[in-house]
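Participant: Whatever this is, show me its structure:
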Amino acid sequence: GAGRPSGSLERRRSSEPLAARRGTVIIAGGFQFPEGPAFARDGTLYLVNLEGGYISRVPPGGQPEVFHPTGGRPNGLAIHKDGSLYVADSGLRAVLRVDPETKEQQAVAGAFRGRPFNGPNDLCFGPDGTLFFTDPLHSSAENPIGKVYRLTPAGRLSVVLDGLAFPNGLCLSEDASILYLAETKRHRILRCRLDAAGRCREWDVYAQVEGGPDGMALDLRGNLYVALYGRGAVGVIPPGGGSVTYLPVDGPRPTNVAFHGERLYVTEAATGTLQVLSIGVPGLPLYSHR
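Facilitator: Numbering: from 1, shown residues only. Below is the predicted model of the structure:
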């Protein structure tokens, strides 16, 4: 039909290597260690400012504005299917829920079996509203105390995986059977196969990467995009693992990524900017938007 690419163009685009389309465009700046980009249904982009202590909002086609100070060090953000913002706040050592209309803030999780979290970092939703989040603060290769938690809609909290050297970004496969996890201090991506109860049945090393793997997103073909802090690039890992393609960004410290259509938005901490890469493949729709 009108406006749709011809089959030959589709084939040409799909066979074109990602590296041929690389190169970021800076679309906004002035952020204070930006992280956790996430798009609402209406195309509004929310992101957190770790060092500024607040959430920013970027309306479609508009300029960034300060949306809400959390009172801590917000590190990651995901949007629930009801539109509310869930924030991993490492300063408050809690996962927060923020109402997008009233800006009312409440902690939905702050401890496990009476022990406070070390400092939550990133989070993602499953299709039923189950929340997965990482708690890496103070963990390292020498002190692998990092954990991944799972919070059900009923409020039940459990450990998915522990013994980790700074678990960071995470995302779920399209059918929610696999959790991909960045283990920053070991420079690798782990792949956890989840059982029906959301526990990690088994795990393996999906990829070794250069730099510190941080926030992640999947496209509809199963390619995994990973912000590589210190490497100045987004790593692209093909479905099933394999050799990593590196897409350079403007600045050495990209922190996270989020798809909106076929464009990949990247937060970069050294320059305090929001950048965009044209990928040519749509991102996997997030469960919160289905």
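
Participant: show me where the stretch 1-150 of the chain has helices.
Facilitator: Assigned by DSSP state H, counting those that start in this stretch, the helices in the stretch 1-150 of the chain fall at 7-15.

Participant: quick one, strands of it?
Facilitator: Applying DSSP state E, counting those that start in this stretch to the stretch 1-150 of the chain gives strands spanning 25-28, 34-39, 45-49, 54-58, 65-69, 74-79, 85-89, 94-98, 105-109, 111-112, 115-116, 123-125, 131-135, 146-151.

Participant: doesn't residue 185 fall inside a helix?
Facilitator: Yes. Using DSSP: H, G, I helix; E, B strand; the rest coil, the assignment for residue 185 is a helix.

Participant: Spit out the contact partners of it.
Facilitator: Residues in contact with residue 185 (CB atoms under 8 Å, 6 or more residues apart in numbering) are 139-141, 165-166, 212. Quick note: C-beta positions are derived from backbone N, CA and C, even for glycine.

Participant: repeat for residue 121
Facilitator: Counting by CB under 8 Å, 6+ apart, residue 121 has contacts 75-76, 88, 90, 133-137, 167-168.

Participant: check contacts around residue 97.
Facilitator: Residue 97 neighbours (CB under 8 Å, 6+ apart): 80, 84-87, 105-108.

Participant: Run through the bridge partners of it.
Facilitator: residue 86, residue 106 (DSSP bridges).

Participant: can you put the strands of the stretch 1-150 of the chain in CSV and add distance to residue 184 and mean pLDDT?
Facilitator: Listed next are those as CSV, based on distance: least, CB to CB, whole Å; pLDDT from 0 to 100:
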stretch, distance to residue 184, mean pLDDT
strand 25-28, 25, 95
strand 34-39, 13, 98
strand 45-49, 18, 98
strand 54-58, 23, 98
strand 65-69, 27, 98
strand 74-79, 13, 98
strand 85-89, 15, 98
strand 94-98, 19, 98
strand 105-109, 22, 98
strand 111-112, 21, 98
strand 115-116, 21, 98
strand 123-125, 16, 97
strand 131-135, 10, 98
strand 146-151, 9, 98
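
Participant: Nearest approach to residue 231 belongs to which of those strands?
Facilitator: Closest approach to residue 231 among the strands of the stretch 1-150 of the chain (CB to CB): strand 34-39, 16.5 Å.

Participant: quick one: contacts for the closest residue to residue 42 other than its chain neighbours?
Facilitator: Nearest residue to residue 42 in three dimensions, chain neighbours excluded: residue 60, at 7.0 Å (CB to CB, 6 or more residues apart in numbering). Residues near residue 60 by CB under 8 Å, 6+ apart: 42-44.

Participant: So for residue 60, what's the pLDDT?
Facilitator: Note on residue 60: pLDDT of 94.

Participant: Quick check: the two most widely separated of the contacts of residue 97?
Facilitator: 80 and 107 (15.0 Å).

Participant: What residues does residue 182 make contact with?
Facilitator: 167-170, 189, 213-216, 226.

Participant: Hmm, residue 158 and residue 198 touching each other?
Facilitator: Yes. Using CB atoms under 8 Å, residue 198 makes contact with residue 158 at a distance of 7.4 Å.

Participant: the more surrounded of the two?
Facilitator: residue 198 (18 against 13; other CB atoms under 10 Å).

Participant: Just say helix, strand or coil for the more buried one.
Facilitator: Applying three-state DSSP: residue 198 is coil.

Participant: For the residue lying closest to it once chain neighbours are set aside, which residues are in contact?
Facilitator: Leaving aside its chain neighbours, residue 198 sits nearest to residue 150 (4.8 Å; criterion: CB to CB, 6+ apart). Taking CB under 8 Å, 6+ apart, we find residue 150 in contact with 130-132, 157-160, 198-199.

Participant: and residue 91, what pLDDT?
Facilitator: Residue 91 is assigned a predicted lDDT (pLDDT) of 98.

Participant: Please name the residues that touch it.
Facilitator: 53, 70-74, 119.

Participant: tell me which of the contacts of residue 182 is nearest to residue 204?
Facilitator: Among the contacts of residue 182, and counting by CB to CB, the member closest to residue 204 is residue 189, at 10.1 Å.

Participant: which secondary structure element contains that closest one?
Facilitator: strand 188-194 (DSSP states H and E).

Participant: neighbouring contacts of that strand?
Facilitator: 148, 160-161, 176-183, 200-209, 213, 216, 224, 226, 237, 241.

Participant: again, 6 Å this time
Facilitator: With CB atoms under 6 Å, 6 or more residues apart in numbering as the test, strand 188-194 has contacts from 177-183, 200-208, 213.
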